[in-house]
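K.L.:
Below are the sequence and a predicted model for it; my questions follow.
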Amino acid sequence: MTPETPEPTPTLPRRTFTRLGAALRRSPALARALGMAVAARLTRRRVALGVAAVPAGLVLYTLLLIPFTPSIQDIRKANLEQPAQILSADGKLLTEFKRANREWVPLKRISPHVVDALIATEDHRFYQHHGLDWRRLGSAALSTFGGSRQGGSTLTQQLARNLYPDEVGRAPTLTRKLKEAITAVKLEIVYSKPEILETYLNTVPFLYNAFGIEMAARTYFDSSAGALDVLQSATLVGMLKGNSYYNPVLNPERAQQRRNIVLAQMVKRDKLSPAAFDALKGRPLRIDFERQTEPPGPAAHFAQQVRKWLVAWADRNDYNIYTDGLVVRTTLDSRLQALANQAVQRQASQLQRVANAAWAGPGTWNAKNPLVQGFMRDTPAYRSALAAGLNDAQALKKLQADTPFMRGLLQQKTVLQAGFLAIDPRNAQVRAWVGSRDFEQDAYDHVQQARRQPGSTFKPFVYGEAFRQGMSPDDTLVDQSIEIAVGRNEVWRPSDESPPSGRPMSLRDGLAYSKNTITAQLVQKVGPAKVARLARALGVRQSKLEEVPSIALGTSLVSLKEMVNAYASIAHQGRYLEPVLVTRIEDRQGHVIEDITPAKPEAALPERVAYTLIDTLRGVVDRGTGTDIRSRWGIRADVAGKTGTTQDNTDGWFILMQPQLVAGAWVGFNDSRITLRSDYWGQGAHSALPIVGDVMSKALRSRLIDGKARFEPPDDSNWLQRLLQRARDSLRQRVQEQWQHLVQQLLQHLPPSLWPQPAKGPVKPPAPQRPPTPMAPPPPAEEPDPLQKKIDDIITEPREESPAPQVMPQASPPQPSSPQPLPYEQR
């Protein structure tokens, strides 16, 4: 039998429903009757299913949220949070990369008053629940429905918010509360109650960049977490309800009231006696406030660069620099960094006195000075004066009469700054980095961020391009005035401090004495575009270089890092390497995660040309503008360098090259309109050179670098010549070895009679050493032969008339002598 096909259910037309709806609207009684009929058809089972659907949906939604909360592995790391440690090349701790300004202290080093106040106020059933206090949660819900909002979060839930603000969030939504509850349960699974308390007290924020109970104790009471008394503990715990609202610094009355509430809760939970509460509640807060700052470390600007590099590396390799306990070994030498810090402070302090004397006079710093007027117009106080209805003259007059304002403006504008950088040219590893005089007062990095005109320190790129094109240091140009058309009817007329001599001058002298007229003629011959291209190839790669003739005198803005890196490329046989900050990364157990392999050098300048340029720059320190390196700082090593001074003595530069270290310094002001107002102190030879000379001389004396290292000229021989030379050296060595062996064999077979006898005279020379001879066995005892005895007597009889025979020395055959080159300082 075939199954019967069910008849289709007839469908009602749309107009039927339309008419039914209209009828229900016209007759409320009909609508009620229809509703009662529908309700009668509902069974108890369907009602039960409908009621259970809400909690079932909530449970299902909660399960779906679990993957979007912190994992158990992440939670395990939270209590073991270990910031990355940044070490110098010689193993010294430079800094730690912490998530916040905190110092983790174990629970046993936290005052018990803090723990008692915290539990009594925030979660008195802390030891009875497992992350969620259902009783408190229900009470909070009833209070909220009744119109009085009350929090029901446990300490564990609060810890979940503090540890994972991004994953859990703080929005007042159901999703956030569910994520918070899930994370709290996970925390209770992973940690014990004391561990949860310890983690909570070390992660809770207390304003003013103070995280954790230790930093809060130092900030508000100049104390430690273990030394907090009952009142201090209650004050800090009271802040947790609202840091800003109960801030004891800005709102002492509210903070005191909240403190007394905490004390009352301690009485209620038997953590404080009523008598003690009566004695304490009337006492003042006695705040001893001092903002806590993280120590910047000996190389703060360098550490900031390492942080940027490490964050990018950690993102690529799935690490956390704040929790995974990474150990980062950098290239910085802590000893050289200490010398650099001292040198910058010493020279900057001396020059600051010069600046103060130049600008502090009443005839200089007043509203009549157009420069000072410009500074005043840039301030918010000037704009406020204009907004109040004053005109320009009235506003300037008002501000000039404000002595504190004028004094503050003077101090702000005339703070002298400096930067220093040292790089090992052999591998481009950064050895020292000083970005400013004081990182806490001025975090602006004058090594990496600042762009200033380099002045004459840019000239080696012009001469390097000339040598690359085939010119020689001994080629000459006439020292004469020069005019170069630069377009739009403009003419560039470079000049020097002294008038042109009109005589021929070699390129070697032109660079040593930093002659602008010679350099300007040279850039016309080689082309400014090619000079810019060479500078980029050597290391000036981030700044924009204007390909105009004035580039020869350093008019384009560059950074100190770029310039030192370019000089390091010259010292590295003309090969460019990107500066290196990190050499190795390890985990907390000391296992190497990654070794930073050095990059392959890029040829920027032929090796012979680079050495010619170095040899030419030797003249700067031997007889040119940088002679203080020899005369004042006593440096006798093989060094070469260049001074630089920009227009109006705005910037002072000096860069010095040594085979194992290239160091450069810049000195000036943040506002380029401010100068030292001194033709002597404004020169790079007197402002920046002392910093480099101080560091280099002490580095040589302390043997941080080898003072005997020299810039070696390149080997120009071809492969065939090098092969023949190696063959000659090998043959010479073999002949020498054979000759020595032959002499030793000859000396061993000489009879004893040929050895020299002691010479007679007042002075006896030492007996010659001879190789041991094999001893013959003693002859058998027999009567002596008279003839043999006579022969022995004749042989052993001393003869004064004949000189003693000379023994041939055991030495190599004489080599052809060649004149040895004198040391560099004796040239």
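P.N.:
That came through, no problem.

K.L.:
Which helix runs longest in this protein?
P.N.:
helix 719-748 (DSSP state H).

K.L.:
Output the helix or strand harbouring Ala117 in PDB, but only the C-alpha positions, please.
P.N.:
According to DSSP states H and E, Ala117 maps onto helix 112-122. Taking C-alpha atoms only, helix 112-122 is exported to PDB below (Å, rounded to 0.1, in the frame of the first residue of the first chain):
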ATOM      1  CA  PRO A 112      48.200  43.700  59.000                       C
ATOM      2  CA  HIS A 113      46.100  46.800  59.600                       C
ATOM      3  CA  VAL A 114      45.800  47.200  55.800                       C
ATOM      4  CA  VAL A 115      44.500  43.600  55.400                       C
ATOM      5  CA  ASP A 116      42.100  44.000  58.300                       C
ATOM      6  CA  ALA A 117      40.700  47.300  57.000                       C
ATOM      7  CA  LEU A 118      40.400  45.900  53.500                       C
ATOM      8  CA  ILE A 119      38.500  42.800  54.300                       C
ATOM      9  CA  ALA A 120      36.300  44.500  56.900                       C
ATOM     10  CA  THR A 121      35.300  47.200  54.400                       C
ATOM     11  CA  GLU A 122      35.300  45.600  51.000                       C
END
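
K.L.:
in the stretch 451-600 of the chain, which spans are strands?
P.N.:
Using DSSP state E, counting those that start in this stretch, the strands of the stretch 451-600 of the chain run over 476-478, 484-487, 490-492, 504-506, 575-576, 582-586, 592-595.

K.L.:
Any idea which of the ones you listed has the lowest pLDDT on average?
P.N.:
Averaging pLDDT over each of the strands of the stretch 451-600 of the chain singles out strand 484-487 as the lowest, with a mean of 83.

K.L.:
buried stuff in that strand?
P.N.:
Of the residues in strand 484-487, Ile484 count as buried by neighbour count, 16 or more other CB atoms under 10 Å. In this view, the C-beta of every residue, glycine as well, is placed from N, C-alpha and C.

K.L.:
Redo the strands of the stretch 451-600 of the chain as a markdown table? Include distance to Lys241.
P.N.:
Formatted as a markdown table, the strands of the stretch 451-600 of the chain follow (distance: least, CB to CB, whole Å):
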| stretch | distance to Lys241 |
| --- | --- |
| strand 476-478 | 80 |
| strand 484-487 | 70 |
| strand 490-492 | 70 |
| strand 504-506 | 80 |
| strand 575-576 | 60 |
| strand 582-586 | 42 |
| strand 592-595 | 43 |
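
K.L.:
out of these, deepest packed?
P.N.:
Mean neighbour count (mean count of other CB atoms under 10 Å) peaks for strand 575-576 among the strands of the stretch 451-600 of the chain, with a mean of 21.

K.L.:
Now for this structure, the helix or strand with the poorest mean pLDDT.
P.N.:
helix 786-796 (a mean of 49; mean pLDDT, DSSP states H and E).

K.L.:
re the thing from before, packing partners of the helix holding Ala117?
P.N.:
Packing contacts for helix 112-122, counted by 3 or more CB pairs under 8 Å, 6 or more residues apart in numbering; DSSP states H and E, involve helix 155-163, helix 193-203, helix 230-238, helix 252-268.

K.L.:
which of the ones you listed is buried the deepest?
P.N.:
Mean neighbour counts for the helices and strands packed on helix 112-122 (mean count of other CB under 10 Å) peak at helix 230-238, with a mean of 26.

K.L.:
Report all helices and strands that that helix contacts.
P.N.:
helix 112-122, helix 213-221, helix 252-268, helix 274-280.

K.L.:
CA atoms only: put it into CSV for me.
P.N.:
What follows is the C-alpha trace of helix 230-238 in CSV, where atoms were taken according to Å, rounded to 0.1, in the frame of the first residue of the first chain:
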residue,chain,number,x,y,z
VAL,A,230,45.7,51.9,61.7
LEU,A,231,44.8,55.5,60.7
GLN,A,232,47.0,55.4,57.6
SER,A,233,45.7,52.0,56.6
ALA,A,234,42.1,53.1,57.0
THR,A,235,42.8,56.3,55.0
LEU,A,236,44.3,54.3,52.0
VAL,A,237,41.6,51.6,52.1
GLY,A,238,38.9,54.4,52.2
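
K.L.:
orientation of that helix relative to helix 112-122 in degrees?
P.N.:
On the basis of axes from the mean of the first three to the mean of the last three CA atoms, to 10 degrees, helix 230-238 is oriented at 40 degrees to helix 112-122.

K.L.:
follow-up on the earlier one: give me the buried positions along the helix holding Ala117.
P.N.:
113-122.

K.L.:
I'd like to know which of the strands of the stretch 451-600 of the chain is closest to Ala637.
P.N.:
Closest to Ala637 of the strands of the stretch 451-600 of the chain is strand 575-576 (CB to CB; 21.9 Å).
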